[in-house]
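Participant: kindly return the folded structure for what I paste below:
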Amino acid sequence: MKKNITLNKKLNKLKYLPKWIVLLIDICLVIFSGTITFFIFKELKLNYIHPDYFYSIILFYLTLNVFFFLIFKTYSGIIRHTSQIDALKLFLSQFSTFGVIVVIDYFLLFFGKYKIAIFTASFFNAFLSLSLLLFFRIFVKLIFENFIHNIKNKNKINILIYGLDINAISVAKALASENPRRFNVIGFIDKTSENTDKRILNLPIFQIKKSIPITMRIAGVEAIILAESSLSTEERNTIIESCIEYNYKVFMAPIISNFENTKDIFKEIKNFEITDLLERNPIILDTDLIELKLNKKTILITGAAGSIGSEIVRQILNYDAEKIVLIDQAETPLHHLVLELKSHYTNLKIDAIIADIRNYEITEQIFKKTKPNIVFHAAAYKHVPLMEENPNQAILTNVLGTKNIADLSLKYNVEDFIMISTDKAVNPSSIMGASKRIAEMYVQSKHFNLQNSKIENSTKFITTRFGNVLGSNGSVVPLFKKQIKKGGPITLTHPEVIRYFMTIPEACQLVLEACAMGKGGEIFIFDMGKPVKIIDLAKKMIRLAGFKPDVDIKIEIIGMRPGEKLYEELLNETAKNSITHHEKILIAIEVCDDYNSINKQISTLIEQAYLNNYNEIIDSIKQLVPEYKQLN
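Facilitator: Down below sits the predicted model:
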């Protein structure tokens, strides 16, 4: 290892050839070319140069070459980085030399004298000189690229590029210019298997033999780069699944149209994350409707520094909001978010406020000062086991906090209040889930109470409900990543645990869509796709990291934690759903109790939370949410 580092340092210190040496080598090559030409034509019994002026013509020929070398600066390019521009300069210098000799020849011939050189020989000499000059540069470049460059990049990964379109070819070219190289491209994979007798960039095209992992084994590679621009999500996921099952690495190349400079493509080639595997087809948003909703509005986001809140903020920036008000208790994450936003949007009006939404008086001051038009309520405690040990905090934040924000939204004439809920609120088995269900009930009953009171132009109260979000603060993915980084083990509560997953951007896009389409009183539920077995998720993450499950990284079953269920639901047993114009959004039709009754029971629950009386808190929760059943 030390030997390689020392060698790399020496190679990095290797200086470029001085310009005068390059010029001297070029002159020597021109002399050599002239000598070869002279003897070839001598064998043909022809005098290449007029014998009476032999030495004068040789001196003139060399002077002419040096003159045009200096004019076109052919010696100034770095030999190991020879480009098309350098080749053009050499061509111009030799063409100019040849042209001057031809003009002088015919000028002398016009005045009745002999030609100083044979036209054919002059042309042959110019062609030979150009060839030698180019060959010298190409030879040096190949030496560096294929020998010295290989030594510097001894640990390159042998890869195949999946695809044959312009995107795949551009990726291959970009990888060849990367320094230091990460990849050694062995060839291409043609999914149609119609071009396997051809070559691209002098690299072979491999036919898929039964499966891609088998093809990779035949080719002797360690990884594959997916570069086919027309590759569908289903095709991509199938390839990834098969590759990681056999511990092959998978990389994703960008689409060229996303880059102004295609030379930078290699910078965007990335390892696959587990989020890439679970992404579904792109969500089609009604951007006009969202723009109409958010344009020139003051938007307040609670829990703005969290994973969901911060992504909502980023997506709102795509629309022309008047001002964004960020509320969070977490000082450092909020500070980092503000720095991020200001670095990209210098003219954006941002109010970043450290506040506890459980404090009604302080929260009211914020509403009074900022006068928001739309509120996204993402603040919540969501770690299930922790809330089982601190039920009073779950109630005070998730219930009282929601009540305060909802009440103030109505008081200060907010147009839309959108609450972020969870699938754990359905048939809850945890205090966290039950607290979110109670928050849902309060918000929904408040809307219908206003509707029944026939109060016009009042706040629309909307709830969005979805499952686990990959990469969020409450997700298993960050935990698994940390455990893999430490070398394991990955801890799993139960081998049969199943969860629904969405990506953070996907969830937040649907939140904005629900905000735009909501009329008030709805509980929007999102299409979460197929449920994922957590043990399968863990194994995939281990393989994506380049390890073997239960060999390199152990998986330990530690037992179900308090409040956890084997699987989550998006609807309770008595609820129904109706469709919307968006295929990924449904509306849960659930029975909503009288607002006054719910408000009274919630007030009692909040009193018990302040007293921190566990038994009373649980009794009050069960009265509000009869389907709540404690587990584990």
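Participant: other SSEs contacting the biggest helix by length in the chain?
Facilitator: Longest helix of the chain, by residue count under DSSP state H: helix 84-110. Secondary-structure packing of helix 84-110 (3 or more CB pairs under 8 Å, 6 or more residues apart in numbering; DSSP states H and E): helix 54-72, helix 119-143. Just so you know, the C-beta spots here come from the backbone N, C-alpha and C atoms, and that holds for glycine as well.
Participant: which helices and strands does the longest one pack with?
Facilitator: For helix 119-143, the contact count by 3+ CB pairs under 8 Å, 6+ apart identifies helix 19-43, helix 84-110 as packing neighbours.
Participant: ok and the first one relative to helix 119-143, angle-wise?
Facilitator: Right, the one you point to is helix 19-43. 140 degrees (axes from the mean of the first three to the mean of the last three CA atoms, to 10 degrees).
Participant: what comes up buried for helix 19-43?
Facilitator: 22-23, 25-26, 29-30, 33-34, 37-38, 41 (16 or more other CB atoms under 10 Å).
Participant: repeat that for stretch 290-306.
Facilitator: In stretch 290-306, counting by 16+ other CB under 10 Å, buried: 290, 293-294, 297-306.
Participant: I'd like the average pLDDT over it.
Facilitator: Per-residue pLDDT over stretch 290-306 has a mean of 90.
Participant: mind checking which helix or strand the closest residue to residue 394 other than its chain neighbours is in?
Facilitator: Excluding its sequence neighbours, the residue lying closest to residue 394 (CB to CB, 6 or more residues apart in numbering) is residue 387, at 4.1 Å. Using DSSP states H and E, residue 387 sits in helix 384-389.
Participant: mind giving me the packing neighbours of the helix or strand following that helix?
Facilitator: Sequence order places helix 391-394 as the next helix or strand after helix 384-389, per DSSP H and E. On a contact count with 3+ CB pairs under 8 Å, 6+ apart, helix 391-394 meets helix 431-452, helix 595-611, helix 614-624.
Participant: re earlier: how about the helices and strands packed on helix 119-143 in a markdown table, adding mean pLDDT?
Facilitator: What follows is the helices and strands packed on helix 119-143, written out as a markdown table (pLDDT from 0 to 100):
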| stretch | mean pLDDT |
| --- | --- |
| helix 19-43 | 80 |
| helix 84-110 | 80 |
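Participant: how about TSV for those helices, with distance to residue 417 added?
Facilitator: Listed next are the helices and strands packed on helix 119-143 as TSV, based on distance: least, CB to CB, whole Å:
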stretch	distance to residue 417
helix 19-43	72
helix 84-110	62
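Participant: for residue 144, find the nearest of the helices and strands packed on helix 391-394.
Facilitator: Proximity to residue 144 (CB to CB) singles out helix 431-452 among the helices and strands packed on helix 391-394, at 60.9 Å.
Participant: okay, the angle between that closest one and helix 595-611?
Facilitator: Using the same axes, to 10 degrees: helix 431-452 against helix 595-611 is 150 degrees.
Participant: what about dumping the CA coordinates of helix 431-452 to PDB?
Facilitator: Extracted in PDB, the C-alpha atoms of helix 431-452 (Å, rounded to 0.1, in the frame of the first residue of the first chain):
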ATOM      1  CA  ILE A 431     -49.600   5.900  22.200                       C
ATOM      2  CA  MET A 432     -48.000   7.800  19.300                       C
ATOM      3  CA  GLY A 433     -50.500   6.300  16.900                       C
ATOM      4  CA  ALA A 434     -53.400   7.000  19.200                       C
ATOM      5  CA  SER A 435     -52.200  10.600  19.800                       C
ATOM      6  CA  LYS A 436     -52.200  11.200  16.000                       C
ATOM      7  CA  ARG A 437     -55.600   9.700  15.600                       C
ATOM      8  CA  ILE A 438     -57.000  12.000  18.300                       C
ATOM      9  CA  ALA A 439     -55.400  15.000  16.400                       C
ATOM     10  CA  GLU A 440     -57.100  13.800  13.200                       C
ATOM     11  CA  MET A 441     -60.400  13.600  15.000                       C
ATOM     12  CA  TYR A 442     -60.100  17.100  16.400                       C
ATOM     13  CA  VAL A 443     -59.200  18.600  13.100                       C
ATOM     14  CA  GLN A 444     -61.900  16.800  11.200                       C
ATOM     15  CA  SER A 445     -64.600  17.500  13.800                       C
ATOM     16  CA  LYS A 446     -63.600  21.200  13.900                       C
ATOM     17  CA  HIS A 447     -64.200  21.500  10.100                       C
ATOM     18  CA  PHE A 448     -67.600  19.800  10.200                       C
ATOM     19  CA  ASN A 449     -68.600  21.900  13.200                       C
ATOM     20  CA  LEU A 450     -67.900  25.000  11.100                       C
ATOM     21  CA  GLN A 451     -69.700  23.600   8.200                       C
ATOM     22  CA  ASN A 452     -72.800  22.800  10.300                       C
END
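Participant: and that helix with helix 614-624, angle?
Facilitator: Going by the same axes, to 10 degrees, helix 431-452 makes 40 degrees with helix 614-624.
Participant: give me the residues contacting the helix or strand that contains residue 292.
Facilitator: Assigned by DSSP H and E, residue 292 belongs to helix 287-294. Residues outside helix 287-294 that contact it (CB atoms under 8 Å, 6 or more residues apart in numbering) are 316, 319-321, 374, 416, 512-513, 515-517.
Participant: ok, 7 Å please
Facilitator: 316, 319, 321, 374, 512-513, 515-517 (CB atoms under 7 Å, 6 or more residues apart in numbering).
Participant: let me see the contact set for residue 482.
Facilitator: Contacts of residue 482 (CB under 7 Å, 6+ apart): none.
Participant: and the closest residue to residue 315 other than its chain neighbours, how many neighbours?
Facilitator: Distance criterion CB to CB, 6+ apart; nearest residue to residue 315, sequence neighbours excluded, is residue 508 at 5.3 Å. Residues near residue 508, counting by other CB atoms under 10 Å, number 27.
Participant: what pLDDT is listed against residue 508?
Facilitator: 84.
Participant: what's the helix or strand for it?
Facilitator: Residue 508 belongs to helix 504-517, assigned by DSSP H and E.
Participant: in the helix or strand just after that helix, what counts as buried?
Facilitator: Next helix or strand after helix 504-517 toward the C-terminus (DSSP H and E): strand 523-526. Residues of strand 523-526 classed as buried: 523-526 (neighbour count, 16+ other CB under 10 Å).
Participant: wait, which of those residues is closest to residue 84?
Facilitator: Distances from residue 84 to the buried residues of strand 523-526, taken by CB to CB, are shortest for residue 526, at 52.8 Å.
Participant: hang on, isn't that closest one packed against residue 585?
Facilitator: Yes. Assessed by CB atoms under 7 Å, residue 526 is found in contact with residue 585 at 6.1 Å.
Participant: overlap in contacts of the two?
Facilitator: Each of residue 510 lies in contact with both residue 526 and residue 585 under the rule CB under 7 Å, 6+ apart.
Participant: before we move on, back to that, out of the helices and strands packed on helix 84-110, nearest to residue 442?
Facilitator: Nearest to residue 442, of these and by CB to CB, is helix 119-143 at 72.1 Å.
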